[in-house]
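Undergrad: Generate coordinates for the sequence data below:
(chains A and B, ligands or ions: 4)
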There are 2 protein chains.
Amino acid sequence: MEKRQELYAGKAKSVFETDDPDRLILEFRDDTSAFDGKKVEQLERKGRVNNRFNAFIMNALKEAGIPVHFERLRSDTECEVKRLTMMPVECVVRNIAAGGLCRRLGVEEGIALEPPTFELFLKNDEKGDPMINESLAETFGWARREHLVRARELTFQINDILQKLFLNGNLLLVDYKLEFGLFHGEVTLGDEFSPDGCRLWDATTREKMDKDRFRQGLGGVIEAYEEVGRRIGIDFDQAID
Amino acid sequence: MEKRQELYAGKAKSVFETDDPDRLILEFRDDTSAFDGKKVEQLERKGRVNNRFNAFIMNALKEAGIPVHFERLRSDTECEVKRLTMMPVECVVRNIAAGGLCRRLGVEEGIALEPPTFELFLKNDEKGDPMINESLAETFGWARREHLVRARELTFQINDILQKLFLNGNLLLVDYKLEFGLFHGEVTLGDEFSPDGCRLWDATTREKMDKDRFRQGLGGVIEAYEEVGRRIGIDFDQAID
Ligand SMILES: Nc1ncnc2c1ncn2[C@@H]1O[C@H](COP(=O)(O)OP(=O)(O)O)[C@@H](O)[C@H]1O
Ligand SMILES: Nc1ncnc2c1ncn2[C@@H]1O[C@H](COP(=O)(O)OP(=O)(O)O)[C@@H](O)[C@H]1O
Ligand SMILES: [Mg+2]
Ligand SMILES: [Mg+2]
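TA: Numbering: from 1, shown residues only, chains lettered A, B, ... in the order given. Ligands and ions are numbered 1, 2, ... in the order given. Modelled structure (predicted):
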């Protein structure tokens, strides 16, 4: 597959067209951002680590029957994916209270959420990714109701798969955000799954092993991502075929 | 029915027990608040005007088949209602963009919303009435999913009824919030419907005729409420039987 022009440079990844109109290349950069792009830094190895991390998770989800955009690793920092028409919406599931939920609702960090919660946010840095719902998405044309129903269903299926996967590495999947798009009409998981877009705590010590280390200036960000990867069986140096 | 002790004094109304365990008395005070109780004033005649206004709307809804708590006017500032177990949730429908929606989503005030939107907010002044959804309400025990489904259905039925009623007075029902509770297991409309909890614009000039006059310091607040009442056929001086 031939890499063609850059379509879009996001906060962490760049998206390239290919000679196949149905395929894109995602390049994971070292750029790390938080607070809707207000804090930005370069973290060495991040692009490489997240590209491998994402490939591992996407393959696990694909094996479990989830429709995912991921097709294959292309290089240390690139992968090939199905080209989706993205919905500008973030799907968030929470198993344990943390972050924005605690700020908005005054809930204590760390309490178990049963059943796990589901929220939708508009992908819009300028407006601070405001919380929305299915009704607003429909009226403003951001996504169709039936597509959000399917995205919600997939998001919860993914929760079951990934909670188990991480618990095998003695890690709690606290929360995560997913982005979905349409591939020839089918709601398909897009974007990435990496410690940039989820919270992972050591199940014993509750130490934070995710992007909160960056947000809160705790240091050892990429080291924590690598540790998470090792615990769930990722070989960051595996040859790409 | 005998009035007994005060149960609760809210921002605009006081709630009293009666000798009937299934009935309460609501007293509409002149207190007027905005911004989650941060701006508070006394507006002469408001209790009286809103009590009559609410009675008129509740009766119209009851005639149209909506289950409402309202039973009868008791005095100029009091009415008798069914005692509900309230859900601490506000149901908001919007026909035209205004207020918080514009602030949160950067949408222009005055654009038509098709289909009308539905949002849920937690009734919690301290936390600024944050937006929630059915999932959060279920997990935190604020309301059961099936009760919110019913509340949403009733809220949209009420929209059809009230849009017509106000348009007969050349008024646009821009948006409104409703509070529901349970009466012996049935989801029932509680609280009040008055210009304190909705937006009404003159259909020709788009002049604001609701609590935004108070929020924005435009003056003539109660005069506008009375004008709205007259236009839809309320006689504020009718004898109470
Ligand atoms: N399979 C796909 N097809 C089309 N666009 C995608 C796909 N996967 C991810 N994207 C989009 O590519 C961008 C990825 O770059 P990222 O740095 O995460 O951007 P952003 O700053 O917008 O979050 C996102 O806007 C994401 O929605
Ligand atoms: N039928 C009812 N049964 C029980 N409580 C009710 C009923 N109708 C309204 N309420 C509650 O009574 C209070 C009304 O007073 P209000 O001044 O509006 O209070 P608030 O400041 O809490 O909004 C509200 O808390 C409302 O939820
Ligand atoms: Mg992104
Ligand atoms: Mg109130």
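Undergrad: domain assignment for chain A?
TA: Chain A resolves into domains spanning A:3-82, A:85-220 when parsed by automatic domain parsing.
Undergrad: and those domains as a markdown table, adding mean pLDDT, mean neighbour count and distance to ligand 2?
TA: C-beta: built from backbone N, CA, C; applies to glycine. Shown next, in a markdown table, are the domains of chain A (pLDDT from 0 to 100; neighbours: other Cβ atoms under 10 Å in any protein chain shown; distance: least, Cβ to the nearest ligand atom, whole Å):
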| stretch | mean pLDDT | mean neighbour count | distance to ligand 2 |
| --- | --- | --- | --- |
| domain A:3-82 | 97 | 17 | 32 |
| domain A:85-220 | 98 | 18 | 17 |
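Undergrad: between those domains, which one is nearest to chain B?
TA: domain A:85-220 (4.4 Å; Cβ to the nearest Cβ).
Undergrad: Can you give me the first-to-last residue distance of that closest one?
TA: 35 Å (Cα to Cα, to the nearest Å).
Undergrad: and it, is it in reach of ligand 1?
TA: Yes - applying Cβ under 6 Å from any ligand atom, one finds domain A:85-220 in contact with ligand 1 at A:86, A:179, A:181, A:190-191.
Undergrad: Nearest spatial neighbour of A:R94, chain-adjacent residues omitted?
TA: Nearest in space to A:R94, with sequence neighbours left out and distances taken as Cβ to Cβ, 6 or more residues apart in numbering or on different chains, is A:D175 at 4.0 Å.
Undergrad: would you say that neighbour is within a strand?
TA: Yes - looking at A:D175 with DSSP: H, G, I helix; E, B strand; the rest coil, it is inside a strand.
Undergrad: you'd agree it is up against A:I96?
TA: Yes - in this structure A:D175 lies within contact range of A:I96 using Cβ atoms under 8 Å: 7.0 Å.
Undergrad: what's the overlap in contacts for those two?
TA: A:R199 (Cβ atoms under 8 Å, 6 or more residues apart in numbering or on different chains).
Undergrad: wouldn't A:A224 be in contact with A:M209 here?
TA: Yes - between A:A224 and A:M209 a contact is recorded at 4.4 Å, counting by Cβ under 8 Å.
Undergrad: Which neighbours do the two have in common?
TA: Counting by Cβ under 8 Å, 6+ apart, the residues touching both A:A224 and A:M209 are A:P195.
Undergrad: Now tabulate the domains of chain A in CSV and tack on distance to B:E186.
TA: As requested, those are exported to CSV (distance: least, Cβ to Cβ, whole Å):
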stretch, distance to B:E186
domain A:3-82, 41
domain A:85-220, 24
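Undergrad: Contacts only, for the residue sitting nearest the centre point of chain A.
TA: By Cα atoms, centre = their mean, chain A has its centre lying nearest to A:F193, at 3.3 Å. With contact set as Cβ under 8 Å, 6+ apart, A:F193 has these partners: A:53-54, A:57-58, A:61, A:162, A:176, A:178.
Undergrad: likewise A:S33?
TA: Neighbouring residues of A:S33 by Cβ under 8 Å, 6+ apart: A:11-12, A:39-40.
Undergrad: Tell me how far it lies from A:G220.
TA: A:S33 sits 18 Å away from A:G220, going by Cβ to Cβ, to the nearest Å.
Undergrad: Then A:E134?
TA: 39 Å.
Undergrad: And for A:D191?
TA: Between A:D191 and A:G220 the computed distance is 25 Å (Cβ to Cβ).
Undergrad: swap in A:A151?
TA: For A:A151, the distance to A:G220 - Cβ to Cβ - is 33 Å.
Undergrad: got it, and A:C91?
TA: 29 Å.
Undergrad: and what of A:F193?
TA: For A:F193, the distance to A:G220 - Cβ to Cβ - is 21 Å.
Undergrad: swap in A:R144?
TA: 42 Å.
Undergrad: next one: A:P116
TA: On the measure of Cβ to Cβ, A:P116 and A:G220 end up 28 Å apart.
Undergrad: Tell me how far stretch A:96-115 lies from the chain's centre.
TA: Centroid separation for stretch A:96-115 versus its chain: 19 Å, with Cα atoms, centre = their mean, to the nearest Å.
Undergrad: end to end, how far does that stretch reach?
TA: Stretch A:96-115 end-to-end distance (Cα to Cα) = 10 Å.
Undergrad: And the contacts of it?
TA: With Cβ under 8 Å, 6+ apart as the test, stretch A:96-115 has contacts from A:94-95, A:117, A:119, A:131, A:172, A:174-175, A:199, A:201, A:206, A:212, B:122, B:124, B:126-127, B:130, B:132, B:135-136, B:138-140.
Undergrad: Filter those residues down to the ones in helices?
TA: Of the positions in the contacts of stretch A:96-115, A:212, B:135-136, B:138-139 sit in helices, assigned by DSSP state H.
Undergrad: So which of those residues is the closest to A:P67?
TA: Lowest distance from A:P67 to the ones in helices among the contacts of stretch A:96-115 (Cβ to Cβ) belongs to B:S135, with 22.7 Å.
Undergrad: residue contacts, the closest residue to the closest one other than its chain neighbours?
TA: In space, and not counting its chain neighbours, B:S135 is closest to A:F118: 4.4 Å by Cβ to Cβ, 6+ apart. Contacts for A:F118 (Cβ under 8 Å, 6+ apart) come out as A:91-93, A:152, A:155-156, B:133, B:135.
Undergrad: Okay, and the beta partners of A:F118?
TA: For A:F118, the beta-bridge partners are A:V93 (DSSP bridges).
Undergrad: For ligand 1, give me its nearest residue in chain A.
TA: A:G10 (1.9 Å; Cβ to the nearest ligand atom).
Undergrad: And that residue, how close does it get to A:E27?
TA: 10 Å.
Undergrad: Same check on A:R206?
TA: Separation of A:R206 from A:E27 (Cβ to Cβ): 34 Å.
Undergrad: ok, back up a step: Throw the contacts of A:F193 into TSV and include distance to B:D237, thanks.
TA: TSV is the format used below for these (distance: Cβ to Cβ, whole Å):
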residue	distance to B:D237
A:F53	72
A:N54	70
A:I57	70
A:M58	71
A:L61	68
A:L162	66
A:Y176	60
A:L178	59
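Undergrad: Could you tell me which ones among the residues you listed also sit near chain B?
TA: Among the contacts of A:F193, proximity to chain B is found for none (Cβ under 8 Å from any Cβ of the partner chain).
Undergrad: want to throw the residues you listed into CSV with secondary structure?
TA: What follows is those, written out as CSV (three-state DSSP):
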residue, secondary structure
A:F53, helix
A:N54, helix
A:I57, helix
A:M58, helix
A:L61, helix
A:L162, helix
A:Y176, strand
A:L178, strand
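Undergrad: Those residues: which two are farthest apart?
TA: Spatially, the most separated pair among the contacts of A:F193 is A:F53 and A:L178, at 14.7 Å (Cβ to Cβ).
Undergrad: now the helices for chain A?
TA: Using DSSP H, helices in chain A cover A:46-63, A:100-105, A:134-139, A:145-167, A:212-215, A:221-231.
Undergrad: can you redo those helices as CSV with distance to B:G106?
TA: Shown next, in CSV, are these (distance: least, Cβ to Cβ, whole Å):
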stretch, distance to B:G106
helix A:46-63, 30
helix A:100-105, 19
helix A:134-139, 13
helix A:145-167, 21
helix A:212-215, 24
helix A:221-231, 32
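Undergrad: closest one to B:D19 among those helices?
TA: With Cβ to Cβ as the criterion, B:D19 lies closest to helix A:100-105 of the helices of chain A, at 38.6 Å.
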